[in-house]
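In: Coordinates only, no sequence provided:
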């Protein structure tokens, strides 16, 4: 980032918000005069609320609440800003495994805090303080994080490029390679990259702006060929800059490389870009394809990575029709299967932004302000 | 390369010639009016002499021989340029496994052909036609391949920066990860990179020139700290541009990544750069260190990659004193050993350029012009 304190990026970026039916963070926040201190529970376990990024979010939301009150907003809740807050949050997917758990988590935290403190309007700044990419997860569909120009970061905000309904045929498959914790969190890695990688600085300045414009066009026109090509190229270039970091960062494992090869062979067999991969800060592959390609590609993954007999359910999420592979495709994929290389696949699609759960039964904190799970 | 036919590079480069006591190619060439066609045997097996790169070398050496004759050189051998040539070549190390076998092979081929055809002077052009980097292997010690500016490539030549005697304490360890053949030869890969990687073009133009000058200074002043840092950064950046190629090229395996981590942890423990890695077009690590660091680092490698009980002799080449690791260093290296990850280590040092073997017993072709091995 160009500013580590404010978490301002050195280039704009674009992400797809995944559907909460398959991947979601649920967060409950409550304030009370009876709470003696701020507390937070993640996946049922109490964590140190003093973590700088959590503190930054709390500080920012309280600042916005105070500002709103002093602006004399009549609708402002009669809240006491000195009240302590309790937060409970759970993911229904592995944490810190390169599945953007911190983006989902901090976006959800920002929304939950905004609700209890009666803050309205854009929450990019609150979410961004937690984890930069979290600001994109405040919206559904296809979302751009505009880097902005101002030193105070007020124009570094998320904006929807297209809603989740825009490209209904688009599917997303997450190939989970490993649920192990990463050696290095993506935020620490990114900071070293900015300081040490000349290729990263060149990419940010000279290459990303044109790529952002081209990506927005691909999405607007639903041009899967170009969308897929650019997605793969940009993922590769991001990981190239990680490798150019010193000491180098490598998120791609041998299995990630095998998935990359599989995708290129699958596309070469079909003579066009039917599938595209993208890798975040971890070895898991995020695969994009149109719905009519999914059954054959899933069969190709199962062929190349025969599932472990006693492993997890291999195909999770959206249902996928079984498909048979032609002998030509099998030959094109090569004869070096890697049993157990992929633990499971989550099939999902583009989804909406944060949703409010009105049913008190869905809340994670009980009337006593403590997690229901822990009681 | 900027010219695929002439094999002209898009940036200058520098390499260390390894000692032939540990890693060498031996080549015998013979011409005779009795030979009916050009033939070549590599590691005892006849190969297709029609391979474009072998043909390019033969064409170039015959052109130089013809030129010399027509220049009226009195010393020119009374050779018949229409004579066919037989060539036999063996490596004492795995071929096509990222150990620069084609560089050694084509440098040796150029020298052997020059001798039978009576060609003298710089052979950069002959070797380069076979494999670009082969021109550097025509000299011992530390060798620069100057990219040159001319379209005809006449100034794209190798030049010694310092002789093999310049830095006697420098040691080179080759950590052999796998002797499998590569999926993609490095020449094909490089061409795709130039065409598709914007990061490679930026690196070549904006970053390499200053790095070349700095590397020459490090060698001149025997500044191991700076030499090691730059070696690692440049290796990482090269592999970054491979990943930015489309489709991407990845030579580094999970084991390569573990070696990288080991080196950084070893250096962090010592608080300075005691060891440096470099990776060529394959997963094997080339490690640089001064002689007094070698025993401890080899022990660290054995600790992190416990050798297979029935595998190859683990330590080959120059003798290395056994060393014990301190508990502090063991703790710094972490507790995730990878048994069998490294097959063996070749300990070597900087060596001289091509040597002529006068003993006929060392020649690979018998009096009948056929390989002795095959007879």
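Out: Okay, I see it. Being a predicted model, the structure only gives us computed values, none of them experimental.
In: With adjacent residues omitted, what lies nearest to residue A:253?
Out: residue A:283 (4.1 Å; CB to CB, 6 or more residues apart in numbering or on different chains). In this view, the C-beta of every residue, glycine as well, is placed from N, C-alpha and C.
In: same deal with residue A:316?
Out: Nearest one to residue A:316, counting by CB to CB, 6+ apart, is residue A:346 at 5.0 Å.
In: Please work out the average pLDDT along the helix or strand hosting the one you found.
Out: Under the criterion of DSSP states H and E, residue A:346 resides in strand A:344-349. For strand A:344-349, mean pLDDT is 94.
In: Same question for stretch A:207-227.
Out: For stretch A:207-227, the mean confidence score works out to 98.
In: Buried ones in that stretch, by neighbour count?
Out: Using 16 or more other CB atoms under 10 Å in any protein chain shown as the test for burial, stretch A:207-227 gives A:207, A:208, A:211, A:212, A:214, A:215, A:218, A:219, A:224, A:227.
In: Give me the angle between the one helix or strand the last one maps to and helix B:224-243.
Out: Applying DSSP H and E as the criterion places residue A:227 in helix A:224-243. Note on geometry: by axes from the mean of the first three to the mean of the last three CA atoms, to 10 degrees, helix A:224-243 and helix B:224-243 are set 170 degrees apart in direction.
In: in helix A:224-243, what's buried?
Out: A:224, A:227-243.
In: If we check chain B, which of these are in contact?
Out: A:232, A:233, A:236, A:237, A:239, A:240, A:241, A:243 (CB under 8 Å from any CB of the partner chain).
In: Is it correct that the first one is in contact with residue B:245?
Out: No: taking contact to mean CB atoms under 8 Å, the distance of 11.5 Å between residue A:232 and residue B:245 leaves them out of contact.
In: before we move on, what SS does residue A:21 have?
Out: Assigned by DSSP: H, G, I helix; E, B strand; the rest coil, the conformation of residue A:21 is coil.
In: Per-residue pLDDT of it, please?
Out: For residue A:21, the predicted pLDDT is 93.
In: State the next helix or strand along the chain beyond the helix or strand of chain A with the lowest mean pLDDT.
Out: The helix or strand with the lowest mean pLDDT-type score in chain A, counting by mean pLDDT, DSSP states H and E, is helix A:186-196 (a mean of 76). As assigned by DSSP H and E, the chain's next helix or strand after helix A:186-196 is helix A:198-202.
In: Show the average pLDDT along that next one.
Out: Rounded mean pLDDT across helix A:198-202 is 96.
In: Same question for stretch A:276-287.
Out: 93.
In: and if you look at stretch A:92-110?
Out: Rounded mean pLDDT across stretch A:92-110 is 78.
In: same thing with stretch A:236-249?
Out: According to the model, stretch A:236-249 has a mean pLDDT of 96.
In: what's the straight distance from one end of that stretch to the other?
Out: 13 Å (CA to CA, to the nearest Å).
In: what's next to that stretch, contact-wise?
Out: A:184, A:189, A:192-193, A:196-200, A:203, A:207, A:250-252, A:279, B:198-199, B:232-233, B:236-237, B:239-241, B:243-246, B:248, B:260, B:264 (CB atoms under 8 Å, 6 or more residues apart in numbering or on different chains).
In: Assign a three-state SS to residue A:174, would you?
Out: Residue A:174 - assigned by three-state DSSP - is strand.
In: That one - how many residues pack around it?
Out: 22 (other CB atoms under 10 Å in any protein chain shown).
In: how about the nearest residue to it, chain neighbours excluded?
Out: Residue A:174's closest residue in space is residue A:346 (CB to CB, 6+ apart), at 4.3 Å.
In: how many other residues sit next to the one you found?
Out: Neighbours around residue A:346, by other CB under 10 Å: 20.
In: One more: residue A:287?
Out: Neighbourhood size, residue A:287 [other CB under 10 Å]: 25.
In: can you check residue A:108 too?
Out: 27.
In: Run through the helices of chain A in chain order.
Out: Counting by DSSP state H, chain A has helices at residues A:52-70, A:101-116, A:124-130, A:186-196, A:198-202, A:208-220, A:224-243, A:254-270, A:294-304, A:327-333.
In: residues in contact with the shortest one?
Out: Read it as helix A:198-202. A:10, A:193-194, A:240-241, A:244-245, B:199, B:202-203, B:206-207, B:237, B:240-241, B:244.
In: Does residue A:93 touch residue A:348 like I think?
Out: No: the criterion here is CB under 8 Å, and residue A:93 misses it with residue A:348 at 10.1 Å.
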